[in-house]
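**Student:** Quick one: sequence plus predicted model below, questions after.
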Amino acid sequence: MGSFLQALENFFNAGTGFLFGSKSLVIFRALHVLMTFIGCVVSAQVLWDAADFCNGVMCIPNLFSLIIFSRIIALDTRKYIDGRAA
């Protein structure tokens, strides 16, 4: 119950609930109940594999952003290092 309330709070604080309206809350609740049920009936290995897959997928937008902003990151890092050396 606690994880559901935290997820619900994050869902609406991120603006998703506002963007998609009150129907999104019904869909969110249904998905949460479904995922809770699936988590109870599958093996632990399947859950760990799914978690590993999701963590791997989350890396994709981060890597994409690092490639796009690599020049800015390098310049800011150089400025920071030079400022600490002074």
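**Tutor:** Done, it's in.
**Student:** which residue is nearest the centroid of this protein?
**Tutor:** Met58 (6.8 Å; C-alpha atoms, centre = their mean).
**Student:** Got the phi and psi for it?
**Tutor:** Geometry field for Met58 lists phi and psi as phi -70, psi -20, criterion degrees, to the nearest 10.
**Student:** how close does it sit to Ile38?
**Tutor:** For Met58, the distance to Ile38 equals 20 Å [C-beta to C-beta, to the nearest Å]. Every residue, glycine included, has its C-beta placed from N, CA and C.
**Student:** swap in Tyr80?
**Tutor:** Tyr80 is 45 Å from Ile38, where distance means C-beta to C-beta.
**Student:** ok, the residue nearest to the centre of the chain to Lys23 distance?
**Tutor:** Counting by C-beta to C-beta, the gap from Met58 to Lys23 is 26 Å.
**Student:** just Gly2 next, same as before
**Tutor:** 25 Å.
**Student:** neighbour-wise, which of the two wins?
**Tutor:** Taking other C-beta atoms under 10 Å, Gly2 and Lys23 do not tie; Lys23 has more neighbours (9 against 6).
**Student:** for that one, what are its contacts?
**Tutor:** Not one residue lies near Lys23 by C-beta atoms under 8 Å, 6 or more residues apart in numbering.
**Student:** Run through the helices of the protein in chain order.
**Tutor:** All helices of the chain, identified by DSSP state H, fall at 2-13, 16-20, 23-41, 44-68, 70-85.
**Student:** what domains does the record give for this structure?
**Tutor:** Domains of the chain are assigned by automatic domain parsing as 1-41, 43-86.
**Student:** Mind putting those into a markdown table with mean pLDDT?
**Tutor:** A markdown table is the format used below for the domains of the chain (pLDDT from 0 to 100):
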| stretch | mean pLDDT |
| --- | --- |
| domain 1-41 | 78 |
| domain 43-86 | 90 |
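**Student:** Single out the most deeply packed of these.
**Tutor:** domain 1-41 (a mean of 11; mean count of other C-beta atoms under 10 Å).
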